[in-house]
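**Student:** got a predicted model here, sequence first, then my questions.
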Amino acid sequence: MAHNTQPQPPFFIGVDVGGTTIKVGIVDDNGRSLSKSVVPTEVKQPPEIGMANLERCVRDAVQQSGLTMDDMHSVGLATPGTMDIAAGMLLTPGNLPAWHGFQIRQHVQNRLQKPTVLQNDANAAAFGEFWVGTARDAPSAVMWTLGTGVGCGIIIHDVVIEGQHSHGGESGHMIVQMDGGRSNVDGRCGTLEAYCSATALVKRCREAIEAGADSSLRATLDAGQEITAKLIADAAEAGDELADRLVMDTARILGVATVSLMHTIDPSMILIGGAMTFGRHDNIIGRRFLQRLKDEVHALAFPIPAAKTRIDYAILGGDAGYIGAAGCARQRFTGKTPSGATAEQRAYPC
């Protein structure tokens with residue numbers, strides 16, 4: 001039987017608020033993105049300016065989809081943490097400094113006149129992959145998002161692990177170095193983010209070159225140009241030993257953290273997503289990065305999870321956040337889950 005290619009109602013608005021841009025997509029009941037729009041967040045301005053940008057972005061995405069606001073069922077809103085999910089409030093999000101203490105869910109709901117659910121951005125991205133991405137057939141999944149920081153989302157039997165205080169899954173702040181650890185941007189020492197984010201990779205590269213390490217990237221620094229994670233990956237692909245060592249060491253450390261999560265929740269799948277995935281399977285560095293991570297897992301994890309846990313790249317890219325946010329609205333306001341399980345079945349998954 002041929003698959004129905006027509007958009008399937010109900011339709012959901014997925015919103016992914018970042019430190020640079022707000023991304024909005026219209027998503028149908030099957031998790032298909034019908035349209036997408038992007039506007040600047042303008043984080044240095046009062047949050048009301050951001051809300052006006054968000055509303056403009058939503059209305060543009062709806063218009064692009066060929067639908068109307070009346071066709072929209074509800075809104076899923078993904079933002080960086082920290083937050084109080086139940087209260088719909090941002091607490092102290094590091095990349096939204098002017099939005100601290102902002103009741104964002106109620107503001108969005110008032111502007112759009114649609115039921116709105118708030119979710120952490122890393123959780124939403126993981127939920128998108130769980131719904132229609134790489135983990136769509138998995139009972140449970142952990143997704144690392146590597147970028148400016150390190151995010152993490154955990155989904156078990158259709159349930160996002162939010163925790164008692166809306167801080168569940170903040171595993172980028174897992175301690176991987178007890179004594180003398182590197183500091184991340186918010187001053188916490190020894191965290192995974194201080195070693196495996198794009199920010200940390202660039203910082204470690206600069207420090208090594210300034211300490212005398214030989215690298216083709218020295219010319220970039222000498223010219224007064226910025227080193228980026230992309231430049232480091234390109235240098236590694238071209239045979240630069242320092243760049244290659246740093247990328248593979250990032251994979252090793254991420255593997256150590258992955259084993260800790262495997263031994264804690266025993267998921268069926270581990271995903272790697274975000275902006276820093278080194279070209280994924282399409283690039284030799286991406287393939288080697290994933291294999292190095294797997295090697296560390298196989299060396300450190302218990303034999304059964306080491307053998308049976310699937311580890312792979314996420315596939316939705318930058319769309320994962322708004323698709324997952326839409327999926328959270330779908331689940332919250334219609335009761336439909338990615339697996340099709342009822343609330344009672346989710347409560348007793350065995």
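**Tutor:** Thanks, I have the structure now. Numbers count the residues shown, from 1 in each chain.
**Student:** what about the strands in the stretch 251-350 of the chain?
**Tutor:** Assigned by DSSP state E, counting those that start in this stretch, the stretch 251-350 of the chain shows strands spanning 269-273, 310-313.
**Student:** please identify the helix or strand for the residue nearest in space to the middle of the chain.
**Tutor:** Nearest to the geometric centre of the chain sits Ala122, at 3.7 Å (Cα atoms, centre = their mean). Here Ala122, judged by DSSP states H and E, is contained in helix 121-132.
**Student:** point out the other helices and strands that that helix packs with.
**Tutor:** If contacts are counted by 3 or more Cβ pairs under 8 Å, 6 or more residues apart in numbering; DSSP states H and E, helix 121-132 sits against strand 11-17, strand 72-79, strand 140-146, strand 150-156, strand 159-160, strand 269-273, helix 320-334. Where you see a C-beta, it was placed from the backbone N, CA and C, and this is true even at glycine.
**Student:** quick one: contacts for Leu112?
**Tutor:** 13, 55, 58, 69, 72, 75 (Cβ atoms under 8 Å, 6 or more residues apart in numbering).
**Student:** same deal with Gly274?
**Tutor:** Going by Cβ under 8 Å, 6+ apart, the list of residues near Gly274 reads 125, 144-147, 151, 314.
**Student:** setting the sequence-adjacent residues aside, check what's closest to it.
**Tutor:** Distances taken as Cβ to Cβ, 6 or more residues apart in numbering put Thr145 closest to Gly274, at 3.6 Å, once the chain neighbours are dropped.
**Student:** burial count for that neighbour?
**Tutor:** Number of residues near Thr145 (other Cβ atoms under 10 Å) recorded here: 26.
**Student:** so what pairs up with it in the strands?
**Tutor:** The bridge-partner assignment for Thr145, based on DSSP bridges, gives Gly151, Gly273.
**Student:** looking at it now. What's its pLDDT?
**Tutor:** On pLDDT, Thr145 comes in at 97.
**Student:** before we move on, what about Val297?
**Tutor:** 98.
**Student:** how near is it to Asp319?
**Tutor:** 27 Å (Cβ to Cβ, to the nearest Å).
**Student:** same check, this time on Leu112
**Tutor:** Distance, Leu112 to Asp319, using Cβ to Cβ: 20 Å.
**Student:** quick one: terminal-to-terminal distance for stretch 91-99?
**Tutor:** Stretch 91-99 has an end-to-end distance of 8 Å (Cα to Cα, to the nearest Å).
**Student:** got the buried residues for it?
**Tutor:** 91, 93, 95-96, 99 (16 or more other Cβ atoms under 10 Å).
**Student:** now stretch 167-181: mean pLDDT?
**Tutor:** For stretch 167-181, mean pLDDT is 94.
**Student:** list the buried residues of it.
**Tutor:** 167-174, 176.
**Student:** could you list the low-pLDDT ranges of the chain?
**Tutor:** Counting by pLDDT under 70, the chain shows low-confidence ranges at 1-4, 342-350.
**Student:** what's the domain layout of it?
**Tutor:** Using automatic domain parsing, the domain ranges for the chain come out as 11-121, 134-315.
**Student:** I'd assumed Gly273 was in contact with the residue nearest to Gly274.
**Tutor:** Yes - between Thr145 and Gly273 a contact is recorded at 5.1 Å, counting by Cβ atoms under 8 Å.
**Student:** list residues touching both of these two?
**Tutor:** Contacts common to Thr145 and Gly273, judged by Cβ under 8 Å, 6+ apart, are Ala125.
**Student:** where along the protein do the helices fall?
**Tutor:** Taking DSSP state H as the test, the helices found in the chain are 47-65, 104-112, 121-132, 193-196, 198-210, 218-222, 229-237, 241-265, 284-300, 303-308, 320-334, 343-347.
**Student:** quick check: buried residues in the longest one?
**Tutor:** It refers to helix 241-265. Neighbour counts over helix 241-265 (16+ other Cβ under 10 Å) mark 242-248, 250-262 as buried.
**Student:** what's that helix packed up against?
**Tutor:** strand 140-146, strand 150-156, helix 193-196, helix 198-210, helix 229-237, strand 269-273, helix 284-300, helix 303-308.
**Student:** out of these, flag the one nearest Ser35.
**Tutor:** The closest of the helices and strands packed on helix 241-265 to Ser35 is strand 269-273. By Cβ to Cβ, the value is 22.0 Å.
**Student:** against which helices or strands is the closest one packed?
**Tutor:** Packed next to strand 269-273, using 3+ Cβ pairs under 8 Å, 6+ apart, are helix 121-132, strand 140-146, helix 241-265, helix 284-300, strand 310-313.
**Student:** nearest to Gln63, out of these?
**Tutor:** helix 121-132 (23.0 Å).
**Student:** quick one: closest of the helices and strands packed on helix 241-265 to Phe333.
**Tutor:** Checking the helices and strands packed on helix 241-265 against Phe333 by Cβ to Cβ gives strand 150-156 as the closest, at 18.3 Å.
**Student:** what about that closest one, distance to the chain center?
**Tutor:** 8 Å (Cα atoms, centre = their mean, to the nearest Å).
**Student:** got the angle between that strand and strand 140-146?
**Tutor:** 170 degrees (axes from the mean of the first three to the mean of the last three Cα atoms, to 10 degrees).
**Student:** sweet, I'm off.
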